[in-house]
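# Okay, here's the prediction I keep looking at, along with the sequence it came from:
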Amino acid sequence: MPTTQPYSLLIRNAAQVLTLAGPPADKPLAGAAMAEWRIINLGYVACHSSTIAAVGAMHELDEALIGPETRIIDATGRVVMPGLVECHTHLVFGGNRADEFQRKLQGESYLDILASGGGILSTVRKTRTASDAELLAQALQHLDGFRRYGVTTLEAKTGYGLDKETELRLLRVARQASRQQPVRIVNTFLGAHVPGPEYKGRPADYLDYLVAEVLPEVRGAAEFVDVFCEEGAFGVEDSRCYLQHARDLGFKLKIHAEQLHDLGGCLMAAELGAISVDHCDYLTPEGAAQVAAAGQGRTVAVLLPLVPMFLRQDKYAPGRQFIDAGLSVAISTDFNPGSCPSKNLWLALQVACLKMGLTPREALTAVTINAAWAIDRQQDCGTLEPGKRADVLLLRVPDYRELPYWLGENPVAQVVIGGKVA
Ligand SMILES: [Zn+2]
């Protein structure tokens, strides 16, 4: 792009531009680096079509590149930052589980409800019987909600089909949803969510079925393979064997681990080169240091602080100690019908500060550039830097320190995705 061409979009006079960019990094941000990105006071962001062209202070702005066709947005009194990256959702499912919420409030545990045929399996029944059109309409409604919160890139897992036909259908629906609205979607296959109802009590047989019958057909439709390593789902050795098969087929790896017990799933997955290990509420600080070493600093711990809150559990991942131990941390909602029906990634960021000990700067890293690393999109998004996709938020606050403070509020005033105001 010649530098003499006028900007297509200019966001100017921002009270603060949070670049989320620091020194060049070839790994997700860890330790002190999670808080060391640059803030520009009174700044601008300029775009050429779908790409960021320049970011800087207002006194550095080249007025010669403002033409009659340049769309100008005034950001006076606003924080401007990269679009949020939501790196862990179960986007496509049928129905909801408001009925089970009542049972939880009356004292039944997540694993009790799962064991009695509820939980994931009740959503599987509703998902299998829903039409493609119903699933698509519901997914689009959820994506609309995410976009209002400023999410511009989102990972979407399958896992409510648990048979070949429905799991492939969920990937198709996610792909259709991706084409019908502007939020970018990254697909993950979570057929190994729990054993399908036809394989009750036979988790290893179910994984064999996925490897033999389903994974070969998922290639090209999903980039990541994920497994729920937990009591009542899949053990560490079965999960290891499954992820190895998936890696051999060319998939990148993720795991749900250490959510309710410390089984060692995170370390196992990091040893296999997993891009992320998710939940980690029961991962110890010593375990976190081992995960960081085994993953050579490339494995991101995706923390999901709304899940223990919604399940009324007291145990939150010790994010502060993970960061101090050198483990990279991202934050996500885990949006799903059972353990987190919220799409409010700001609330997740706030609870991560309150319950996991992250600082506001670290928490912002965790919902942008580190979340991008957790889905292998760090080249495209997560920071405001020339060459990246123009995903930009304008927020109704003048100072980033207000972001974790206005609890439960959505600060988003405007969302730009790929250079277009959404
Ligand atoms: Zn999940």
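Right, received. Where do you want to start? None of these values were measured; they are calculated from a predicted model.

# When you work out contacts or count neighbours from here on, use the C-alpha atoms and nothing else.
OK.

# wait, what's in contact with residue 214?
By CA atoms under 8 Å, 6 or more residues apart in numbering, the contact set of residue 214 is residue 164.

# Next, it: secondary structure please.
With DSSP: H, G, I helix; E, B strand; the rest coil as the basis, residue 214 sits in helix.

# What separation is there between the closest residue to residue 319 other than its chain neighbours and residue 313?
Spatially, and ignoring its direct neighbours in sequence, residue 319 is nearest to residue 356 (4.9 Å; CA to CA, 6 or more residues apart in numbering). From residue 356 over to residue 313 the distance is 14 Å, taken as CA to CA, to the nearest Å.

# Where do the helices of the stretch 251-400 of the chain begin and end?
265-271, 285-294, 306-310, 319-324, 345-356, 360-366, 369-374 (DSSP state H, counting those that start in this stretch).

# What helix or strand is residue 175 located in?
In this structure, residue 175 sits in helix 164-180 according to DSSP states H and E.

# quick one: buried residues of that helix?
For helix 164-180, the neighbour count (16 or more other CA atoms under 10 Å) marks 164, 166-175, 177-178 as buried.

# Which strands or helices does that helix pack on?
Counting contacts by 3 or more CA pairs under 8 Å, 6 or more residues apart in numbering; DSSP states H and E, helix 164-180 packs against helix 132-148, strand 184-192.

# What strands line up against the last one, and which way round?
Based on DSSP bridges, the strands next to strand 184-192 in the sheet, each with its direction, are strand 151-157 (parallel), strand 224-227 (parallel).

# Residue most distant from the centroid, this structure?
Distance from the centre of the chain peaks at residue 64, with 38.7 Å (CA atoms, centre = their mean).

# Serialize the helices and strands packed on helix 164-180 to a markdown table and add fields for distance to residue 292 and mean neighbour count.
As requested, those are exported to a markdown table (distance: least, CA to CA, whole Å; neighbours: other CA atoms under 10 Å):
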| stretch | distance to residue 292 | mean neighbour count |
| --- | --- | --- |
| helix 132-148 | 30 | 18 |
| strand 184-192 | 23 | 24 |
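
# Would you reformat these as JSON lines and include mean pLDDT?
Shown next, in JSON lines, are the helices and strands packed on helix 164-180 (pLDDT from 0 to 100):
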{"stretch": "helix 132-148", "mean pLDDT": "98"}
{"stretch": "strand 184-192", "mean pLDDT": "98"}
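
# Among the ones you listed, which comes closest to residue 397?
If you check each of the helices and strands packed on helix 164-180 against residue 397 by CA to CA, helix 132-148 wins as the nearest, at 16.0 Å.

# ok, now how distant is residue 354 from residue 67?
Counting by CA to CA, the gap from residue 354 to residue 67 is 46 Å.

# With residue 294 instead?
Distance of residue 294 to residue 67, given as CA to CA: 52 Å.

# and those two? which has more neighbours close in?
Neighbour count, other CA atoms under 10 Å: between residue 294 and residue 67, residue 294 has more, with 20 against 14.

# Tell me how far that one lies from residue 271.
Using CA to CA, residue 294 is found at 5 Å from residue 271.

# do the same with residue 415
Applying CA to CA to residue 415 and residue 271 gives a distance of 38 Å.

# neighbour count winner among those two?
residue 415 (24 against 18).

# To which secondary structure element type does the more buried one belong?
Secondary structure, three-state DSSP: residue 415 is strand.

# Excluding chain neighbours, give the residue nearest to residue 228 in space.
That would be residue 256: by CA to CA, 6+ apart, it lies 4.6 Å from residue 228.

# For that neighbour, which residues count as its bridge partners?
What pairs with residue 256, by the bridge criterion (DSSP bridges), is residue 228, residue 278.
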